[in-house]
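# pasting the structure only:
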């Protein structure tokens, strides 16, 4: 059974070797949709540095349904591309011992994007219901989603099969992705707070435009954080699969 400190140590070694390349690929493939969503989110906000267009812009959703739909679409697209990139890149590095080239990574993302998006919709739906009914099942499903993607990529199974296998595999390990998610949330919150503080000190007349840029930067930071969570989930999948194979081999020898 892998302990959380050991898992975190493996993750830190992986990031030290491939972190910059992973971040670069996530920004390349998922950065544009996230920035578009952020730009759309800043359109009705006044001043532009205000991040919430629903609670602070003082307009009804019915009057801006297409704007809300555009923000939701590009946000979901960006997140799915970030998750797909992080999982595909990490899985290739761990299995083959080397970084995939751009053509190989693009092929992996394109071939699995529809299935990953299907899992994204199903996880969003089921985890929301789980959190509403009882918080624990929703957290469990969200933690299991971090290993569903590498199962889908590595075992080339259907989205439903990947979800079922992920829920079974994460048993007794659900708190590890959740604890790492809290850690990423704290680090991202500190970075975002620092960025917003610096932007608030910007002088006129570029203050409003810096507010829009600040929203894009902080959105990309959140996207990178989610990608790192799924990179850790991919590492957890490899370690659990390896330990399971070793246990099965020892059982056969005995």
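Looks like it arrived, so ask away. The structure presented is a predicted model; accordingly, all values stated were derived computationally and were not measured. Numbers count the residues shown, from 1 in each chain.

# pLDDT of the lengthiest helix in the chain, averaged?
If you go by DSSP state H, the chain has its longest helix at helix 207-253. If you average the pLDDT over helix 207-253, you get 79.

# next one: stretch 10-22
Mean predicted confidence for stretch 10-22 is 93.

# next, the buried residues of that stretch.
Residues of stretch 10-22 classed as buried: 10, 11, 14, 15, 18, 22 (neighbour count, 16 or more other CB atoms under 10 Å). To be clear about C-beta, it is placed using only N, CA and C from the backbone, and glycine gets the same treatment.

# over to stretch 85-104?
85, 86, 87, 88, 89, 90, 91, 92, 93, 94, 99, 100.

# narrow these to those in helices?
Using DSSP H, these in helices are 85, 86, 87, 88, 89, 90, 91, 92, 93, 94.

# among the residues you listed, which one sits closest to residue 181?
The shortest approach to residue 181 among these belongs to residue 86, at 13.6 Å (CB to CB).

# next, the angle helix 207-253 makes with the helix or strand where residue 71 lies.
Here residue 71 is covered by helix 65-96, with elements defined by DSSP states H and E. Orientation check (axes from the mean of the first three to the mean of the last three CA atoms, to 10 degrees): helix 65-96 against helix 207-253 gives 40 degrees.

# list the contacts for the residue positioned nearest the centre of the chain?
By CA atoms, centre = their mean, the chain has its centre lying nearest to residue 226, at 2.7 Å. Neighbour list for residue 226: 79, 82, 83, 184 [criterion: CB atoms under 8 Å, 6 or more residues apart in numbering].

# for the residues you listed, which one is nearest residue 242?
Distances from residue 242 to the contacts of residue 226, taken by CB to CB, are shortest for residue 83, at 22.5 Å.

# pLDDT score for that closest one?
95.

# now it. Nearest residue, chain neighbours left out?
residue 230 (4.9 Å; CB to CB, 6 or more residues apart in numbering).

# what do you get for residue 179?
Excluding its sequence neighbours, the residue lying closest to residue 179 (CB to CB, 6+ apart) is residue 4, at 6.3 Å.

# contacting residues around the one you found?
175, 176, 179.

# and if you look at residue 158?
Taking CB under 8 Å, 6+ apart, one finds residue 115 in contact with residue 158.

# residue 149 too?
83, 84, 87, 116, 119, 162, 230, 233, 234.

# now, of the contacts of residue 226, which are buried?
Buried among these (16+ other CB under 10 Å): 79, 82, 83, 184.

# wait, isn't the first one in contact with residue 120?
If I follow you right, that is residue 79. Yes: at 7.3 Å, residue 79 and residue 120 qualify as touching, with contact defined as CB atoms under 8 Å.

# so what's residue 219 closest to, chain neighbours aside?
residue 38 (4.4 Å).

# correct me if wrong: the one you found contacts residue 214.
No: using CB under 8 Å, residue 38 is not in contact with residue 214; the gap is 9.4 Å.

# and residue 9, how many neighbours does it have?
11 (other CB atoms under 10 Å).

# secondary structure element for it?
helix 4-42.

# what of residue 103?
helix 102-133.

# ok and whichever helix or strand comes after that helix relative to helix 65-96, angle-wise?
Of the helices and strands lying after helix 102-133 in sequence (DSSP H and E), the nearest is helix 135-155. With the same axes, to 10 degrees applied, the angle from helix 135-155 to helix 65-96 works out at 60 degrees.

# let's number from 279 now, not from 1
Yep, numbering from 279; the last one is helix 413-433 now.

# tell me the buried residues in helix 413-433?
Judged by neighbour count (16+ other CB under 10 Å), helix 413-433 contains these buried residues: 416-432.

# how far is it from where the chain is centred?
12 Å (CA atoms, centre = their mean, to the nearest Å).

# low-scoring pLDDT stretches of this protein, where are they?
279, 322-341, 474, 477-489, 524-532 (pLDDT under 70).

# tell me how many other residues crowd residue 306.
Number of residues near residue 306 (other CB under 10 Å) recorded here: 14.
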